[in-house]
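S.K.: Everything below, folded, please.
(one chain, ligands or ions: 1)
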Amino acid sequence: MKNYKMLIAKEVSSILDGFTEKDIAALIEYPPNSEMGDLSLPCFILSKKLRKAPQAIADDIKQHIKMDEIQRVESVSGYLNFYLNNERFAETIVKTILSQGDQYGSQDAGKGKTVVIDFSSPNIAKPFHVAHLRSTVIGNALYRIYSFQGYTCIGINHLGDWGTQFGKLIVAYELWGNSNDVEIGGIDELLRLYVKFHDESEHNPLLEDQARAWFVKLEQGDQEALRLWHWFVDISMKEFKRIYQLLGVHFDSYTGESFYNDKMGAVVEKLKEKDLLEEDQGAWLVRLDAFEMAPALILKKDGSSLYHTRDITAAIYRKETYRFDKAIYVTDYAQNHHFQQWFKIIELMGHEWSNDLIHVAFGRVSLEGMSLSTRKGNIVKLEDVLQQSIAKTKTIMEARNPDMENMDEVARQVGVGAVIFNDLSTNRIKDIVFSWEEALNFEGETGPYVQYSHARASSVLAKAVNQFGTLIVEMEVSSEHLINDPTINLLKELSMFSERIESAMQKLEPSIISRYLIDLAQAFNRFYHECPILVDNVSVREARLALVKCVKITLRNGLKLIGLESPEKI
Ligand code: ARG
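M.R.: Numbers count the residues shown, from 1 in each chain. As a prediction, this is how the structure comes out:
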């Protein structure tokens, strides 16, 4: 994409000594109103290095600049303001989008590089609740964003399928459960058993000992322990896969924590060899005092492994298997310390790639002011939220358009889209108070609003075919019809797409794309209301239709990046 910022940066860097294109691009701003230019270069930072007043630098560049794309340049109090040649600009943007189609916005910066993304990773035998939605949708968006930038992505679901909690579950099942109830009740019954274990163990500490013993058995390959464990895993996976299908999320690998059971021994040996492990009352840990962190427990007294042990082993395995350039972990910030600890251990083991490990933390989800707790049963199941959202969408659609074909499919796309978009609409690090009202809100700056704008663009294009015969959107549009205010404003939004994707990738922040889609949809809706499209004048009509096609392409590409579908009709 001919990025105007980069074009200007290139020209300016060829005029000034000692600044690269990138240096200049980093300084260029988009002024809040176009009277101050479409783009503007503040010359204050340049002034230090060039030992010249900002105003003089701006004047100097102004004299030497020569670009067809720029209509005029003005030097005002140390700023150099660029005014685009609107016709030229319109022509370039429309041509670029139409010719690149579903690749519009993509880049090949990541060609030949691999990123491993560990996301979603729910815990077996516990319901998939609204907090896991965050990791799932943020991770999925990062996966798509990185892929669109040319990276090879490996999405890993690091299922929580190992650990003492399975000992607890086995004890509870043996004491209070039966196979019939588990078969019928699924995860709900497993949760009931788990909660019961916690209630009972409060006054019967022996239960905890029994649970630990069962987990040791499991790690040692005891038949009965493994049989029950496999069964719990199968039951949970059925539910998880149903949810991933609804969400349209895909993983390249489901290697959960249990996968590393036979690989941890070698890692523990390495830690000993490197003199990092220290015995403490029969347990083994890595001291991290020098880095102002709590010690990381690697083996318990009874020899069983921990969350840390499995994460360290998994990272080494992934490096060997995928030769990643980056490995990303998406969890809430309550796990910050956990990740800092084991990233440090990887470094202390001498792996220089410890710098390529990135923890992408997000805010916590609470439920009407109370924190979510699986143990206390204070949770909202994601599947319930998705189903309710789908049902609500269907009700709205039935009232509006009762004869619509594929109503169920569209209701799913929009209902699920609303929930995903809502989750991705604020900075990831912000805490979220889950509210049903908010999750099922379709008005204002929501996923359905963006999807609806896309459907509106599709329907204009379809109408044009009906009214005027086959529609061939030509690349050679008469761009003199694309220069009024709402149109240029819309073109500017369209032109920002790849910059927004890049910054979403750099900041690991999918909400930048959701924000962008809202801005684009709003610019489109303004254009739609102010500029009649299906007019008699052929060249005006064709120019506007070409622009509508560009909007459709860009909205669709953007929605896809954050994991939403783009139905043609709503
Ligand atoms: N299962 C964990 C949880 O639900 C998340 C795992 C994240 N990934 C990792 N490699 N630690 O909190």
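S.K.: Enumerate the residues of the stretch 1-150 of the chain near the ligand.
M.R.: Contacts of the stretch 1-150 of the chain with the ligand, taken as C-beta under 6 Å from any ligand atom, map to 118, 121, 122, 123. Every C-beta, even on glycine, is put in place using the N, C-alpha and C of the backbone.
S.K.: Buried subset of the residues you listed, written for PyMOL?
M.R.: Selection of buried members from those for PyMOL, criterion 16 or more other C-beta atoms under 10 Å:
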select buried, resi 118+121+122+123
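S.K.: which one of the residues of the stretch 1-150 of the chain next to the ligand is nearest residue 537?
M.R.: residue 118 (55.3 Å; C-beta to C-beta).
S.K.: Quick one: residues contacting that closest one.
M.R.: 139, 156, 157, 158, 327, 328, 329, 330 (C-beta atoms under 8 Å, 6 or more residues apart in numbering).
S.K.: next one: residue 290
M.R.: Per C-beta under 8 Å, 6+ apart, neighbours of residue 290: none.
S.K.: how about the contacts of residue 118 in a markdown table, adding pLDDT, secondary structure and neighbour count?
M.R.: As requested, the contacts of residue 118 are exported to a markdown table (pLDDT from 0 to 100; DSSP: H, G, I helix; E, B strand; the rest coil; neighbours: other C-beta atoms under 10 Å):
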| residue | pLDDT | secondary structure | neighbour count |
| --- | --- | --- | --- |
| 139 | 98 | helix | 28 |
| 156 | 98 | strand | 25 |
| 157 | 98 | coil | 24 |
| 158 | 98 | coil | 24 |
| 327 | 98 | strand | 23 |
| 328 | 98 | strand | 23 |
| 329 | 98 | strand | 26 |
| 330 | 98 | strand | 26 |
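S.K.: Residue numbers of this structure in contact with the ligand?
M.R.: So far as C-beta under 6 Å from any ligand atom goes, the chain lies against the ligand at 118, 121, 122, 123, 158, 160, 311, 329, 331.
S.K.: was I right about the second one contacting residue 162?
M.R.: No. Under the criterion of C-beta atoms under 8 Å, residue 121 lies out of contact with residue 162, with a separation of 12.0 Å.
S.K.: what's the overlap in contacts for the two?
M.R.: Going by C-beta under 8 Å, 6+ apart, residues that sit against residue 121 and also against residue 162 are residue 256.
S.K.: Specify which member of the residues of the stretch 1-150 of the chain next to the ligand is nearest to the ligand.
M.R.: Among these, residue 121 lies closest to the ligand (C-beta to the nearest ligand atom), at 3.7 Å.
S.K.: tell me the SS of the closest one?
M.R.: Following DSSP: H, G, I helix; E, B strand; the rest coil, the label given to residue 121 is coil.
S.K.: show me the contacts for it.
M.R.: Residue 121 neighbours (C-beta under 8 Å, 6+ apart): 132, 135, 157, 158, 159, 160, 256, 331.
S.K.: let's see it at 10 Å
M.R.: Residue 121 makes contacts with 132, 135-136, 139, 156-161, 251, 254, 256-257, 329-331, as judged by C-beta atoms under 10 Å, 6 or more residues apart in numbering.
S.K.: Please apply the same query to residue 40.
M.R.: 8, 27-31, 58, 74, 76, 79-82.
S.K.: Apply the buried test to those and list what passes.
M.R.: Buried by 16+ other C-beta under 10 Å: 8, 27, 28, 58, 79, 80, 81, 82, out of the contacts of residue 40.
S.K.: any idea which element the nearest residue to the fourth one once chain neighbours are set aside lies in?
M.R.: Leaving aside its chain neighbours, residue 58 sits nearest to residue 75 (3.8 Å; criterion: C-beta to C-beta, 6 or more residues apart in numbering). Secondary structure from DSSP states H and E places residue 75 in strand 70-76.
S.K.: Pull out the buried positions in that strand.
M.R.: 70, 73, 75.
S.K.: Partner strands of it, with direction?
M.R.: strand 79-84 (antiparallel) (DSSP bridges).
S.K.: Show me the helices in the stretch 451-570 of the chain, by range?
M.R.: 485-495, 497-506, 511-530, 538-561 (DSSP state H, counting those that start in this stretch).
S.K.: my guess is residue 45 meets residue 28, correct?
M.R.: No. Judged on C-beta atoms under 10 Å, residue 45 makes no contact with residue 28 at a distance of 11.5 Å.
S.K.: Spit out the residues that contact those two alike.
M.R.: Contacts common to residue 45 and residue 28, judged by C-beta under 10 Å, 6+ apart, are absent.
S.K.: number of nearby residues for residue 138?
M.R.: Each residue near residue 138 was counted by other C-beta atoms under 10 Å, and the total is 28.
S.K.: thinking residue 518 is in contact with residue 421, fair?
M.R.: Yes. Between residue 518 and residue 421 there is a contact under C-beta under 10 Å: 9.3 Å.
S.K.: Between those two, point out the one with more neighbours.
M.R.: Shown here are residue 518 and residue 421; by other C-beta under 10 Å, residue 421 has more neighbours (26 against 19).
S.K.: Next one: the closest residue to residue 131 other than its chain neighbours, what pLDDT does it get?
M.R.: Distances taken as C-beta to C-beta, 6+ apart place residue 365 nearest to residue 131, at 4.3 Å, with adjacent residues excluded. Here, the pLDDT recorded for residue 365 equals 85.
S.K.: Where does pLDDT dip in the stretch 301-450 of the chain?
M.R.: Where the stretch 301-450 of the chain drops to pLDDT under 70, the residues are 368-370, 374-378.
S.K.: all strands for it, in order.
M.R.: 326-332, 357-362, 365-367, 370-371, 432-434 (DSSP state E, counting those that start in this stretch).
S.K.: Return the list of helices and strands in contact with the longest one.
M.R.: Going back to what we said before, that points to strand 326-332. For strand 326-332, the packing partners by 3 or more C-beta pairs under 10 Å, 6 or more residues apart in numbering; DSSP states H and E come out as strand 114-118, helix 130-148, strand 152-156, helix 307-322, helix 336-348, strand 357-362.
S.K.: How about the last one?
M.R.: In terms of contacts (3+ C-beta pairs under 10 Å, 6+ apart), strand 432-434 is packed against helix 130-148, strand 365-367, helix 407-423.
S.K.: quick revisit: would you format the helices of the stretch 451-570 of the chain as a markdown table with mean pLDDT included?
M.R.: Shown next, in a markdown table, are the helices of the stretch 451-570 of the chain (pLDDT from 0 to 100):
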| stretch | mean pLDDT |
| --- | --- |
| helix 485-495 | 96 |
| helix 497-506 | 96 |
| helix 511-530 | 98 |
| helix 538-561 | 96 |
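S.K.: Figure out which of those helices is closest to residue 175.
M.R.: helix 511-530 (45.8 Å).
S.K.: distance between the closest one and the chain's centre?
M.R.: 20 Å (C-alpha atoms, centre = their mean, to the nearest Å).
S.K.: which helices and strands does it pack with?
M.R.: Helix 511-530 is packed against helix 130-148, helix 407-423, helix 447-468, helix 485-495, helix 497-506, helix 538-561, with contacts defined by 3+ C-beta pairs under 10 Å, 6+ apart.
S.K.: May I see those helices arranged in a markdown table, with distance to residue 337 as well?
M.R.: What follows is the helices and strands packed on helix 511-530, written out as a markdown table (distance: least, C-beta to C-beta, whole Å):
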| stretch | distance to residue 337 |
| --- | --- |
| helix 130-148 | 17 |
| helix 407-423 | 24 |
| helix 447-468 | 34 |
| helix 485-495 | 41 |
| helix 497-506 | 25 |
| helix 538-561 | 31 |
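S.K.: do you know how far residue 547 is from residue 494?
M.R.: Counting by C-beta to C-beta, to the nearest Å, the gap from residue 547 to residue 494 is 8 Å.
S.K.: got it, and residue 400?
M.R.: Residue 400 is 29 Å from residue 494, by C-beta to C-beta.
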